[in-house]
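[1] here is a sequence with its predicted model. Questions after.
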Amino acid sequence: MSLVTRVLVVDDEESMRHMLSLALSKDGFHVWTAGSGQEGLDALRKGDPFEICVTDIRMPGMDGLAFIADAQRLGARAPTFIAMSAYGDKQLAVEALRRGAFDYISKPFEPSELSIKLRLVVERDRLSSGPKRPASTAAKGPQRLAEIITASPAMKAIARTIEKVASFPTTVLITGETGTGKERIAGALHSEGRRANRPFVAVNCGAIPEHLLESELFGHVKGAFTDATSDREGLFEVADGGTLFLDEIGELPPVLQVKLLRALVEGEIRRLGASAATPVDVRVVAATSRDLETAMREGRFREDLFHRLDVVSIHVPPLRERPEDVAPLVAHFVARFRARLGLDSIRVEPDAVAALERYAWPGNVRELENALERAFVLSESGGRVGAADLDERFTTPASAVAPPPGELSLKIRMPAFERQLIVEALERTGGNRSRAAIVLGISHRALLYKLKDYGIT
């Protein structure tokens, strides 16, 4: 373990905070506590950064899911999250993974169990090739088209679209759930086009505080605000001649939506506090996991900006709709971990691959990568991972988990709704699975996986 591993425990129960503080301190961690989500945010903003945050999910006021989401906006100061969920809250724990948590632990648990998970985080960070990537970055090596791992028709169709539009300056809007690989698609659009030798700059619009985002995108001049001690170019200027990838564009504040639209229309930007505009030649690729059409109807996203971004639209389907991609992705990650972890003998057994193919993957490709890394690091059989070595969520049939009563989250209720649609499609087609797959708009193979996953015979 590192010399100082700072851990923040967020829980509304004082007894739980006290118990974890004592137990984790004995194991060598430096522990701070907070009694609410808001207190947790205040602690994350102040003082030295925390490496790990352990947070309860069910808390009054700001619950754990909202806390994780807000804390992620702190960018480089956001820690690695481990969520604590009560027995029966498994769906909420899975939602926490989708929101960005590294792992979860179900109450009641032994402090030693949590300590193991914390040590896994520390080991992961030690083995990692570098520090956490900041919210905005000029990527050194964006994804190339040949490096997109897929066996599914949907992703192959996306690859063909990339080949067609890569060399044009046309704006592209990439949609899809969190963790589906939207930045990889943006990187391929850049690498396969005429701007490949110019900068590829990525910024997460939801990870930078609103009052800093304008300066981050458009730059500022000396004296524009209290801390502006010198001129600073924004990411539009950094990306001049190349590609600017605006991730989570749906989080862009209304005032900046206007400035972005002006930059796209006029091909120039104005630094904060500047009297003159600066011309820029930037190809903009935007991405979102939100429903922008709903946001437009509710007045949260400008319609004119949407149509300016949505010249070419690419939708990346979630991993649960392309189970045929799981096996090649597993092979890809195994090769990567062999090099990074220094374990030449690691492998994933066929029964584990089959279990991973049946899983619904609410966290998509990112969750798959994390799950495999955890399995390899914790493996007690020389790096060979079988189904028994996987977390229990991968071996529990989806049909066995019902959404909590009154739960309104689409992500949590979707599996039950999807199961109902499959049953109705089979009834309508007289049990003909090939025709049912056509009605549902998915491949026959994907339907077979879902039938097995939901226990439909």
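    Structure's in. What do you need? Note that the coordinates shown come from a computational prediction; the quantities given were computed from them, not determined experimentally.

[2] if I look at residue 20, how far off is residue 11?
    From residue 20 over to residue 11 the distance is 8 Å, taken as CB to CB, to the nearest Å. To be clear about C-beta, it is placed using only N, CA and C from the backbone, and glycine gets the same treatment.

[3] more neighbours: the two, which one.
    residue 11 (25 against 21; other CB atoms under 10 Å).

[4] shouldn't the more buried one be in contact with residue 57?
    No - applying CB atoms under 8 Å as the test, residue 11 and residue 57 come out as separate, 10.0 Å apart.

[5] tell me, what's touching the two both at once?
    With contacts taken as CB atoms under 8 Å, 6 or more residues apart in numbering, residue 11 and residue 57 have residue 84 as neighbours in common.

[6] tell me the buried residues in stretch 297-306?
    For stretch 297-306, the neighbour count (16 or more other CB atoms under 10 Å) marks 300-302, 305-306 as buried.

[7] what's in contact with that stretch?
    Contacts of stretch 297-306 (CB under 8 Å, 6+ apart): 173, 250, 252, 254, 257-258, 260-261, 264, 292-293, 295-296.

[8] kindly report the same for stretch 358-374.
    Under CB under 8 Å, 6+ apart, the answer for stretch 358-374 is 94-95, 97-98, 102-103, 120, 124, 177-181, 318-320, 323, 326, 329-330, 333-334, 337, 348, 356, 385, 390-391, 393-394, 397-398, 411, 415, 449, 452-453.

[9] how far is the helix or strand harbouring residue 373 from where the chain is centred?
    Element membership of residue 373 [criterion: DSSP states H and E] is helix 364-378. In terms of CA atoms, centre = their mean, to the nearest Å, the centre of helix 364-378 is found 13 Å from the chain centre.

[10] now do the same end-to-end measure for stretch 419-438.
    16 Å (CA to CA, to the nearest Å).

[11] quick one: buried residues of it?
    Buried residues in stretch 419-438, defined by neighbour count with 16+ other CB under 10 Å: 419, 422, 425-426, 429, 436-437.

[12] in helices only, show me these.
    Among the buried residues of stretch 419-438, DSSP state H puts 419, 422, 425-426, 436-437 in helices.

[13] now do the strands in the stretch 251-400 of the chain.
    With strands called from DSSP state E, counting those that start in this stretch, the stretch 251-400 of the chain shows them at 268-269, 278-279, 283-288, 312-315, 347-348, 384-385.

[14] out of those strands, which is closest to residue 110?
    Residue 110 lies closest to strand 384-385 among the strands of the stretch 251-400 of the chain, at 24.1 Å (CB to CB).

[15] please name every helix or strand in contact with that closest one.
    For strand 384-385, the elements it packs on are strand 347-348, helix 364-378, judged by 3 or more CB pairs under 8 Å, 6 or more residues apart in numbering; DSSP states H and E.

[16] hmm, who's touching it?
    Here strand 384-385 has contacts from 345-349, 352, 372, 375-376, 379, using CB under 8 Å, 6+ apart.

[17] need those residues in JSON lines (columns: neighbour count).
    Conversion of the contacts of strand 384-385 to JSON lines gives the following (neighbours: other CB atoms under 10 Å):
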{"residue": "345", "neighbour count": "9"}
{"residue": "346", "neighbour count": "20"}
{"residue": "347", "neighbour count": "16"}
{"residue": "348", "neighbour count": "24"}
{"residue": "349", "neighbour count": "15"}
{"residue": "352", "neighbour count": "22"}
{"residue": "372", "neighbour count": "22"}
{"residue": "375", "neighbour count": "22"}
{"residue": "376", "neighbour count": "22"}
{"residue": "379", "neighbour count": "15"}
